[in-house]
Every structure is written in C-alpha cells, then in structure tokens.
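Trainee: got a predicted model here, sequence first, then my questions.
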Amino acid sequence: MPSESATPETKPTVACLVVAAGRGLRAGGGLPKQYRNIAGIPMLKRTLQAMASMPEVDRVIPVIGKEDLSDFDTIIGLTSGVDAPVFGGSTRQASVLNGLEALAEGTSPDIVLVHDGARPFVTVDVVQRVVSALAQGASAVIPVVPVTDTVKKIADDGRTILETVERSTLRRVQTPQGFRFDTILQAHRAAAGLELTDDAAVIERADLAVIAVDGDTRNLKITTAEDFVEAERNMFETRTVRTGFGFDVHRFEAGDSVTLCGVKIPHTARLAGHSDADVGLHALTDAILGTITAGDIGDHFPPSDPQWKGAASDKFLHHAAALVAEHGGRIEHIDVTLICERPKIGPHKTAMRAAIARILGLDLERVSVKATTTEKLGFTGRGEGIAAQAVATVRV
C-alpha cells in the first residue's frame, strides 16, 4: 500500500529496518557476530534497543537469516518496541528488499531507515539529522564522517603504491541511511539481483540525489574479534562507577553447621532463616542490587514465598549479578565482612572467596572476604548470631 506524503505540519512516520541476516563469522566465537555479547548483552539486542529508544522512530523491524530464527528467539527474545523479525535473503541487498516488501504489505511509512545490526552505538543526534533532512524534502540521506588517515591507491599485487588519493572529498559512510519509502522501494525493486555496496548506491543507480549529513565516530561497526574487545573497553571507560552497600543479620538456632559465603562450616548451631540463612551472601546480594537501584533481596525473593524455603543463597546472588548484566554493567570488586565470635572464619576465607568468585564469574583477586568481632559486645559478642556487611563496586 503506498504511503501518503506527510505534510509540513505532520510528523512523518518512520520505520527502521535493522539488517542482521549475515553470518559475520570473521568475529569468531562460533555464532554470527550479531548474537555475540558486548558487555553481557547480545550486540543485536543492543542495536534494536537503541533504535527503539529513538523518539523519531515509530517501528523497528529486524531482518534476520531464516536459519537464525532459533538463535534470535533464545538469545534476543522479545524486545520492547521491536516488531517480529522478517527473513532476509542471500545478500544484504536482498535482505533489505525483503524488509521493504514486508513494510509495503501494511500501512507503509513515509520514511524508512536502514541500519546495520552491527552498529549498536548509534546516537540520537545521527538519527535526528537523517530524519530531519528527509522531512525537509530530501529523498535519500546518509551519515558520513571524514577520512582522517592518508589514503593510498595500490596496484593489483596489493603492495605497490600507485598514488596518494586526495582525501578532502572522501567520506566514510555509516548507517542508518534514510529514504523516502516509495523512492527506495522502487529503486530496490529495479536493482533486484545486482550486488551494490549499500542502499545509497541503489538510489545512485536510479540517478537520484543522495544527501550527506554528519555521522558520529562513536557509531562504530563491529566486524572483527578485535572490534568486540575495543567496544567493551570503550564502553567501560565511559561508564559510571557505582557502589552498593548491604547488611544482614541472622540469629543462631539449634543445629550442627552454618553456611557462610557459600561454604558449609561445622558448628554447634545453625543460622535461622527462611532460606539457608547465608548471612554473607544475603548482604552481598543487597549490595549488588543497590548498585542498580533494584531494591533488596526481599523484593525479589520474599520470605513469605514457600519456594525459597531452605533455598541455597547462591541463587539470590546469581540473580543479582544477572540483573547487573542486563543493565549492561560489570561487577568490578566485592568486599564482605563477617562479624561474629564463632565459628572462626580465618580457615575458611579462601574457600569463601572462591565460592563467591565462581557464582559471580569473577577473578579471585576481585573478591575479598574478611572477618572481625565486636570484642564480645552486643548480640554477636554474646554469640547469639552473625552479622555481615558487604560493599559492591559496579561499572554500569
């Protein structure tokens, strides 16, 4: 169904095709690169979330390989503001055409953006510049950045320098590339079967003008394994460091052992609690939840819920760590202090550190466990129970 042109007083409708049907195996890892994680979140999910958050964009449609549907469902899953995927073709050009045809089957948009699934760091400013130029009458708009390195033309042998290329008029092209919907659909249909380098080339083949707007050097395309490493490094260098604090107390009751920081220790009593009463892991769970303002352990695992009766507290800690990962964060360091007269903690500290490191997937050097007493003062000094405090440092 053809779209109706938006009037100057009407905000144009904008759909975005996120093209992710390629194999991308140069990045290694055994999976197509779009399903690999960057800082704990699949790259394609980051890209889809970024485009869905853009105020100018009304719909986001992933275009994926048919053979990747299972990976998409299990690794990416439902993403707020994102439509069900469309299957791509054997080439990127065929995949874009499939996406355009899918849009044409419904109420087609005024404007369509075509974005690489491997560009998860697209910025609001770039999208706004592309959409604004289209809304002002352009038929095709691409974001570009200057070429800053010296460019040489080389011979077919791949080694012999033929000439130095004047770079003042050269630009590196990014996505999203934006188009009037009817214009790009007709141009793609006419170019079906050809192998053109990008969607702007499809427009150029139709002898139509393509306008350039400023891109953004942060809008990187992830291609190689080294790109993944660099992306994570850049992300964490610009992330905020947050600190969370946790505190917990459990009293003693009749028993023969206590579980502290994931380690079972023989004792003349046990700690009372709905779960295994691991006071150290409870304090640490609260500290980690605090870094992402996600409430406390009772909000996620209410003591009134019978399913948590006697549960191992590593489940609670693993859940908190997973929430940090969902926020794109990384746990940098944790520090737990156990406060009691007995049992003696010293002989078990190394095992406790190892247990916490295993649960959180951290290096041992990032985990600290200490112990102290209250010089026989207060309830811990009287041997009535154990207290714990914990500090978590997260970059998010």
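Mentor: On my side now, so go ahead.

Trainee: list the buried residues for stretch 70-81?
Mentor: Within stretch 70-81, the residues scored as buried using 16 or more other C-beta atoms under 10 Å are 71-72, 75-76, 79. C-beta here means a position set from N, CA and C on the backbone, and glycine is covered the same way.

Trainee: is it fair to say Met352 lies in a strand?
Mentor: No. Counting by DSSP: H, G, I helix; E, B strand; the rest coil, Met352 is not part of a strand but helix.

Trainee: ok, and the closest non-adjacent residue to it?
Mentor: Using C-beta to C-beta, 6 or more residues apart in numbering and skipping residues adjacent in sequence, the residue nearest Met352 is Cys261, 3.6 Å away.

Trainee: could you measure from that neighbour over to Val114?
Mentor: 51 Å (C-beta to C-beta, to the nearest Å).

Trainee: can you pull out the helices in the protein?
Mentor: Taking DSSP state H as the test, the helices found in the chain are 43-52, 69-71, 92-104, 124-135, 181-190, 199-205, 225-237, 279-291, 297-300, 314-326, 349-360, 378-381.

Trainee: for the fourth one, name the packing helices and strands.
Mentor: Read that as helix 124-135. Packing contacts for helix 124-135, counted by 3 or more C-beta pairs under 8 Å, 6 or more residues apart in numbering; DSSP states H and E, involve strand 111-116, strand 140-146, strand 177-180, strand 211-214.

Trainee: which residues sit against it?
Mentor: 6, 11-12, 14, 51, 54-57, 111, 113, 141-143, 174, 176-180, 211, 213-216, 219 (C-beta atoms under 8 Å, 6 or more residues apart in numbering).

Trainee: just to revisit the earlier point, Cys261 and Val114 - which one has more neighbours?
Mentor: Cys261 (30 against 27; other C-beta atoms under 10 Å).

Trainee: how about the contacts made by the more buried one?
Mentor: Contacts were defined as C-beta under 8 Å, 6+ apart; by that measure Cys261 touches 278, 280-281, 284, 336, 338, 352-353, 355-356, 369.

Trainee: just want the angle from the worst-scoring helix or strand of the chain on mean pLDDT to helix 43-52.
Mentor: Every helix and strand in the chain was compared by mean pLDDT, DSSP states H and E; the lowest is helix 225-237, with a mean of 82. Counting by axes from the mean of the first three to the mean of the last three C-alpha atoms, to 10 degrees, helix 225-237 points 50 degrees away from the direction of helix 43-52.

Trainee: same for helix 225-237, what does it pack against?
Mentor: Helix 225-237 packs on strand 37-38, going by 3+ C-beta pairs under 8 Å, 6+ apart.
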